[in-house]
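Student: Could you look at this predicted model? Sequence included:
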Amino acid sequence: MSQSTEAVRARAARRRHLQQRQTVIFGTLVAALLVIGLLGGAVWSGVIPSPIDVPINSGEAAGTPPPVAPPCPPAETLPVPYAEISANVLNGTDEQQLAARTAAVLQDYGVQIGRQANGTPYGGVVQLTTGPLGVASAYTLAGVFSSAQIVLDGREDATIDVLLGDGFDGVLAPDEVTLDPAVAIPAPEGCKPVETPSVEG
């Protein structure tokens, strides 16, 4: 009987020890999770600075390229007649039929419209992309928008890709266009000179 009683007591002691150890382990885990949660909340709310400094792109800036110096318009060049401008209209937003509606308004100005399609997402207002031969046309066309960024690429003709962005608010009415057809196109500050290739024939 004595040995049996001792065995029962030993098993009970082992159970108590096991329960105590489990209580300590689980308590430590719960406390650690609480601390991590509190630290995470403090970092998220800005109370504590994040230990990892990784830039995050916001949706508003998505598709907006970093600003670059625009090409300079040819010196002493007058605005190009709208009927001599050829443009493709691209929709860089989620708005349906935006390219088609805008192309119709530009056609009313006399602009020759080529493609009308979806473009890459753009967070700005309007981006006008052209080659060296189309810089004067791009500056002329920029005058019918409230804001436009002109970008130079390597194309060998004077066509312009008109990319409409999230900030696009429509084409200006003719009486709102401030570009004077009898005055040379002014060069914006900080623009880069462009070597215009000669046109044969």
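Tutor: Yep, that arrived.
Student: pLDDT averaged over the strand or helix carrying Q19 - what is it?
Tutor: Here Q19, judged by DSSP states H and E, is contained in helix 2-45. If you average the pLDDT over helix 2-45, you get 75.
Student: Beta-bridge partners for V126, please?
Tutor: Beta-bridge pairing for V126 (DSSP bridges): L164.
Student: from what I can see it touches D166, true?
Tutor: No. Between V126 and D166 there is no contact under CB atoms under 8 Å: 10.8 Å. In this view, the C-beta of every residue, glycine as well, is placed from N, C-alpha and C.
Student: Compare those two (neighbour count), which wins?
Tutor: Remark: of V126 and D166, V126 carries more neighbours, 24 against 19, as counted by other CB atoms under 10 Å.
Student: could you list every residue that touches the more buried one?
Tutor: Counting by CB atoms under 8 Å, 6 or more residues apart in numbering, V126 makes contact with 142, 145, 147-149, 162-165, 168.
Student: about what we covered before: I'd like the next helix or strand past the helix holding Q19.
Tutor: Scanning forward in sequence from helix 2-45 by DSSP H and E, the next helix or strand is strand 86-91.
Student: what about dumping the CA coordinates of the helix or strand that that following strand is followed by to CSV?
Tutor: Sequence-wise, the next helix or strand downstream of strand 86-91 (DSSP H and E) is helix 98-109. Only the C-alpha atoms of helix 98-109 are listed here, as CSV (Å, rounded to 0.1, in the frame of the first residue of the first chain):
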residue,chain,number,x,y,z
LEU,A,98,-12.8,58.6,-72.8
ALA,A,99,-10.4,58.3,-75.8
ALA,A,100,-13.3,58.3,-78.3
ARG,A,101,-15.0,61.3,-76.7
THR,A,102,-11.8,63.3,-76.5
ALA,A,103,-10.8,62.4,-80.1
ALA,A,104,-14.2,63.7,-81.3
VAL,A,105,-13.5,67.1,-79.6
LEU,A,106,-10.0,67.3,-81.0
GLN,A,107,-11.4,66.6,-84.5
ASP,A,108,-13.7,69.6,-84.0
TYR,A,109,-10.5,71.6,-83.7
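Student: What residues of helix 98-109 count as buried?
Tutor: Buried residues in helix 98-109, defined by neighbour count with 16 or more other CB atoms under 10 Å: 98-99, 101-103, 106, 109.
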